[in-house]
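Novice: Provided below for reference: sequence and predicted model.
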Amino acid sequence: MAKLKYYQAFNRALREELARDENVIVMGEDVGESGGIFAQTRGLHAEFGGVRVRDTPIAENGFVSAAVGAAMTGLRPVVEIGFEDFLTCCMDPLVNQAAKLRFMLGGQVTVPLTVYTFGSGGVNAGPQHSQSLGAWFAQVPGLKVVTPSTPRDVLGLFKSAIRDDNPVLCLFAKRLIGASGEVPEEGEDFTLPIGRSEVRRTGNDITIVGVSTMVRAALAAAESLAEENAIEAEVIDVMSLSPLDCDTIIASVMRTGRLCIVHEAHGPCGIGAEIIARVSEQAHDVLKAPPWRITPPFAPSPFAPVLEKAYLPSAARIGDEIRGRLA
Amino acid sequence: MAKLKYYQAFNRALREELARDENVIVMGEDVGESGGIFAQTRGLHAEFGGVRVRDTPIAENGFVSAAVGAAMTGLRPVVEIGFEDFLTCCMDPLVNQAAKLRFMLGGQVTVPLTVYTFGSGGVNAGPQHSQSLGAWFAQVPGLKVVTPSTPRDVLGLFKSAIRDDNPVLCLFAKRLIGASGEVPEEGEDFTLPIGRSEVRRTGNDITIVGVSTMVRAALAAAESLAEENAIEAEVIDVMSLSPLDCDTIIASVMRTGRLCIVHEAHGPCGIGAEIIARVSEQAHDVLKAPPWRITPPFAPSPFAPVLEKAYLPSAARIGDEIRGRLA
Amino acid sequence: MSKLTQQAALGMHRAMCRIRYFEEAAAAKYKEGELPGFIHLSIGQEACAVGVCATLTPEDYITSTHRGHGHCLAKGGDAKRMMAELFAKEAGYSQGRGGSMHIADVAVGMLGANGIVGQSMPLGVGAALTAQVKGSGAVAVAFFGEGASGAGVAHEAMNMASLWRLPLVFFCEANRYAELTPYETHVPLANVADRAPAYDMPGVTIDGGDVVAVFETMEEAVARARAGHGPSLIEAKTYRWHGHYEGDPQKYKPEGETEKEKARDPIMRFEALLRESFGVAAAGLEAAHAEEKSAIEAAVAFAEQAVDPTPDGLTANVYA
Amino acid sequence: MSKLTQQAALGMHRAMCRIRYFEEAAAAKYKEGELPGFIHLSIGQEACAVGVCATLTPEDYITSTHRGHGHCLAKGGDAKRMMAELFAKEAGYSQGRGGSMHIADVAVGMLGANGIVGQSMPLGVGAALTAQVKGSGAVAVAFFGEGASGAGVAHEAMNMASLWRLPLVFFCEANRYAELTPYETHVPLANVADRAPAYDMPGVTIDGGDVVAVFETMEEAVARARAGHGPSLIEAKTYRWHGHYEGDPQKYKPEGETEKEKARDPIMRFEALLRESFGVAAAGLEAAHAEEKSAIEAAVAFAEQAVDPTPDGLTANVYA
Ligand SMILES: Cc1ncc(C[n+]2csc(CCOP(=O)(O)OP(=O)(O)O)c2C)c(N)n1
Ligand SMILES: Cc1ncc(C[n+]2csc(CCOP(=O)(O)OP(=O)(O)O)c2C)c(N)n1
Ligand SMILES: [Mg+2]
Ligand SMILES: [Mg+2]
């Protein structure tokens, strides 16, 4: 095992795929010579050249659509949208083009497109630079959506996304960019399947499902619950919002009888709602108590650190809510 | 009571509001002299002039954002996006501008914007002209979303939307455009509150929540269930996706113990998921059986009539599913 | 005219007839209630589709709009499978999933009609990007309308294509209306092509009813693209004889306008030229008409007898 | 120069100093870790904000970019409340909800900085639309960067403004970079303003370090807008002395470039002119510096002692 930071795992994944398949190209604002605003694409332009690692103008709608056109005709474009909030600027190529073209052309094309972006809050970036919008895309047939929360998952899921013949949206977390973690050694071609959740901690008293940044918060809460209250929480990292692996969650709830979902996205019509709906539909009787969601309040993300701290779900809040219900 | 068609109720609502408040303006493709592709704005250009009833170029991002700018500075723009599918082309002004400006400017502005569009399927318009995307906006704080299913509701909710000081998205249904229904007499200033669901049929055996076009299907199913199986279904028209009136739904489920939600939108992270989540969170114990959703399969809307017919939930399918579970 | 051989010219004439008969048949069948959904016809604009595609090889790409039948036929699409698609049959190009608005034959480089106005342009950028990255020598043509020229993606696409010197031609069919509103509602200039300097690319406005002018102008733009000198913008002034969609009452058209345009029928104009400058006999032209007409009748018969798709395939091709 | 009175010129000089000191203070406090989030400074571009806003009345509107401190100050925003906003305090213009990237004083017609590149332009169209519909006589100015000029909304906004003859000025601050990439990555032309003919509007490229040139060019465009003759496009060639965001290592800048630009400091250039052509004494200029500097120090002190917002207000102003 080697140790890498989240953004380094990103960089390694992209480098490996660029080297492996000459049809892989990278496009986006500042992905070229400058190496990206988070150093995420550093070195790739030098190694693979400006034809394959290409700076774009600020035209998200246009260059994502261009990437769709390129994907239809034989390339495997990997496209950066700097902040997840800017996905608002390229919804049409994602939803009406990439997601639908294979279906609506009767299978005449595949669209092996990867779009990645940095989302979530916690860095005081304010209302237009802190959002988590993954649920929108989980609603769209034809797309896949992954939310890696560790360097290992970044490496494995990003590489799988690039190799997938479908459009895949990789939602990375700004806040985790500098986080370190173990990854397979350099040289190992490591991939992870899209559409599988993982149990990060086992326990029999409650199932906590975390999304992205909230997996860490859930794990921290679980430790304190174990220490202070002898409550053993099972923590699941959902990893893919679409396809959603509900089997792993239901198997857990079968044992724990209790379910809590934590995410940074807003509650209404979010992935937490979807998980509760599926568990209710498929395993209603195993729930010993009402399931619930822990999310930010229904308001944009505030800039002020003191407000954003209160806004985002924390380990303390997760612990308290669970204690309040179980203790 | 008078009788009007759905699009006529639309036209009357807009005419009344244009006459009532000189700050109301209408913008969109073909809303002017031509009177709109569904005759929805017929006569308004002649009555109120080209300054207030304005044809736009095909630039949804630009003209919705322009409407936001106009709303911030004292107008009450009412903006048409012809098909709901084209909301993909103006997500940024809706989500990052209209929804957030009041919050992120600390209350310095209001954004009294109304955006309306014609969604849903059933007219063989194919994958890019048949979508129901309301759940996306229900996830966004700062927006309101209504889904009127009758001429009366069109009249009442559209007028309320235009008067609301917040951005409101009115999701009309193409398929209902020619449907007739009773409305208050011409001259009566009729509005309906945004954020309230209505019980359309009472019953004690199961609660069916319908969205837009699916309210009719649910009512038809309820009639056949009553006749053929002596099952009395309560049918609720959700009417507003945001704010969502879950109290009316929960009050019903308290009596019926059973819940089924029907919508044309895809299941994952849809309003059905949200309703199940809220009912599970707030009234888990009153559910006597697993709740469930009836939606199209997870695929784009197919063009072929024989396929679209099988794709969309129907009264027959609703009836069968309920019979299968209750009988 | 030097560049155009008689054989090529006759092929173009055939293609124009094919499009005309195809769309007339579609209009008739639509009126009879046999075709579901919406259809958008390009009758009157045949010289654009044909003049453009006559300069392309099967390896070249085109991206199209909601008004794409002509483009698909001109690029080599099969009228039978196209008609079957309009009839929503399993034998259609997209097995009845897409219909008229998404007509496509990817095998011949027709990447699809598209229901989102403007998107043909960045999609074309993508096809040209593939050609550039792979060094395949292919070029792409993105069709669009004057209405689409007001869309943000039109600008983004032309800007990117210029910055990256892509092998691409932006071909605007300025047919005087966008849905129910005239050109002037959408473009504050006399010519869409006058925007070419804003992208440092050549721009030219031509008579879109003159198939030879389209062909010759395109030849130059395609040569430029293939040589690696970057994109061009061509605007063809043309006219749609029918409504925006079949069934459109067309109240927005001044009285007599369509009739006046019909008198300048691009097919008739080309036939005059074929007779006068290419020495083609009237009988040859009539034979072409007869053959194309009966081919389209065969396509209709094929489509009518073809089987419906079955609901068990509802989720096919959602994912690869 | 005839149009500019000494009094007005002195006001502009003050405003330039105010912006400079405000942003230098913000940079220092950011470095000390006192300011959260990201901040984008316009040091070096002061002549643009000031030259533009000097031609406007409080009833006129401006829309701004992520780099909006200068615009807000020049339009009459209060340094105290602005600084408090950067410090994320309740006394800030937006009660700490928006921060630097959304700095606004709607009461003086500054409709807000914006974090979405390009959106300042259609938002400005909206403000101009209000002026037109209400017949208020107000004009709007939309600031944007050369990077933003590649965004689809830039095109949509300029097209609409032209079609509707809106009282609007599009003001491009071409500061040589968009984030980490140079002008050439974004614009295939020497000048963004060369796109004006594509919208049938006047376009001019000027030296954005020359506040008088900005002022005079704007006066003409504003007069045109007020007279109902429609929009204009002005491009000011300028330079940002700092990074894209504070903390940016600026590796993409050629060595010595910033220093060379600093030698052409727009404030110093204006001071030379004030002395030479307006007969202003050096002492007067020094006094202005001293006063503006201490006003900014007071603003910092105000912001530092101001109270934090409280979490009970998390959902305030989400809905009206
Ligand atoms: C993004 C988007 N906005 C609006 C529409 C509705 N619409 C379909 S065709 C059309 C007019 C297009 O005009 P033009 O580009 O001139 O093409 P033409 O129909 O004349 O061939 C419009 C507005 C759409 N399909 N997509
Ligand atoms: C839609 C969108 N895409 C990307 C970004 C990230 N971004 C912020 S500023 C910037 C560069 C803007 O360049 P320019 O318009 O020249 O303004 P400048 O920063 O030079 O003042 C970019 C790409 C954004 N905020 N919004
Ligand atoms: Mg047209
Ligand atoms: Mg710049």
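Specialist: Ah, there it is. Ligands and ions are numbered 1, 2, ... in the order given.
Novice: whichever strand or helix holds residue C:20: which residues count as buried?
Specialist: Assigned by DSSP states H and E, residue C:20 belongs to helix C:6-31. By neighbour count with 16 or more other Cβ atoms under 10 Å in any protein chain shown, helix C:6-31 contains the buried residues C:9-10, C:12-23, C:25-27, C:29-30. Heads up, the C-betas are built off the backbone N, CA and C, glycines and all.
Novice: can you confirm whether stretch C:199-206 lies near chain D?
Specialist: Yes. Residues of stretch C:199-206 contacting chain D under Cβ under 8 Å from any Cβ of the partner chain: C:199-200.
Novice: ok, is that stretch in contact with chain A or not?
Specialist: No. Residues of stretch C:199-206 are not located near chain A by Cβ under 8 Å from any Cβ, the shortest gap being 11.6 Å.
Novice: CA atoms only for that stretch, dumped as CSV, please.
Specialist: Extracted C-alpha coordinates of stretch C:199-206, given in CSV (Å, rounded to 0.1, in the frame of the first residue of the first chain):
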residue,chain,number,x,y,z
TYR,C,199,-14.6,34.3,-34.7
ASP,C,200,-11.8,35.1,-37.1
MET,C,201,-13.3,32.7,-39.6
PRO,C,202,-14.4,33.2,-43.2
GLY,C,203,-18.1,33.8,-43.5
VAL,C,204,-20.3,34.0,-46.5
THR,C,205,-24.0,34.4,-47.3
ILE,C,206,-25.4,32.6,-50.3
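Novice: contact partners for residue 155?
Specialist: Just so you know, I chose chain A. Applying Cβ atoms under 8 Å, 6 or more residues apart in numbering or on different chains to residue A:155 gives the contacts A:4, A:9-10, A:12-13, A:183-184, A:190.
Novice: should've been chain C
Specialist: A:62, D:150, D:152, D:154-156.
Novice: returning to what we had before: show the average pLDDT along the helix holding residue C:20.
Specialist: For helix C:6-31, mean pLDDT rounds to 98.
Novice: who are the packing partners of it?
Specialist: With contacts defined as 3 or more Cβ pairs under 8 Å, 6 or more residues apart in numbering or on different chains; DSSP states H and E, the packing partners of helix C:6-31 are helix C:46-53, helix C:69-74, helix C:79-86, helix C:211-226, helix C:266-277, helix C:282-305.
Novice: tell me what angle the longest one forms with helix C:79-86.
Specialist: In other words, helix C:282-305. Helix C:282-305 runs at 40 degrees relative to helix C:79-86, counting by axes from the mean of the first three to the mean of the last three Cα atoms, to 10 degrees.
Novice: any idea how far the closest residue to chain B within the stretch 151-300 of chain C is from chain A?
Specialist: For the stretch 151-300 of chain C and chain B, the shortest gap (Cβ to the nearest Cβ) falls at residue C:180, measuring 3.7 Å. According to Cβ to the nearest Cβ, to the nearest Å, residue C:180 and chain A sit 23 Å apart.
Novice: give me the spatial nearest neighbour of that residue, chain neighbours excluded.
Specialist: Excluding the flanking residues, the one nearest residue C:180 by Cβ to Cβ, 6 or more residues apart in numbering or on different chains is residue B:34, at 3.7 Å.
Novice: got the contact list for the one you found?
Specialist: B:55, C:179-181, C:251-252.
Novice: show the buried residues in those.
Specialist: Buried members of these, scored by 16+ other Cβ under 10 Å, are B:55, C:179-181, C:252.
Novice: just give me the residue closest to the centre of chain A.
Specialist: residue A:147 (1.5 Å; Cα atoms, centre = their mean).
Novice: phi, psi for residue A:34 please.
Specialist: When read as degrees, to the nearest 10, the backbone of residue A:34 gives phi -70, psi -20.
Novice: residue C:63 contacts residue C:116, correct?
Specialist: No. In this structure, residue C:63 is not within contact of residue C:116 by Cβ atoms under 8 Å, at 11.6 Å.
Novice: between those two, tell me which one has more neighbours.
Specialist: residue C:63 (33 against 27; other Cβ atoms under 10 Å in any protein chain shown).
Novice: please name the bridge partners of the more buried one.
Specialist: For residue C:63, the beta-bridge partners under DSSP bridges are residue C:142.
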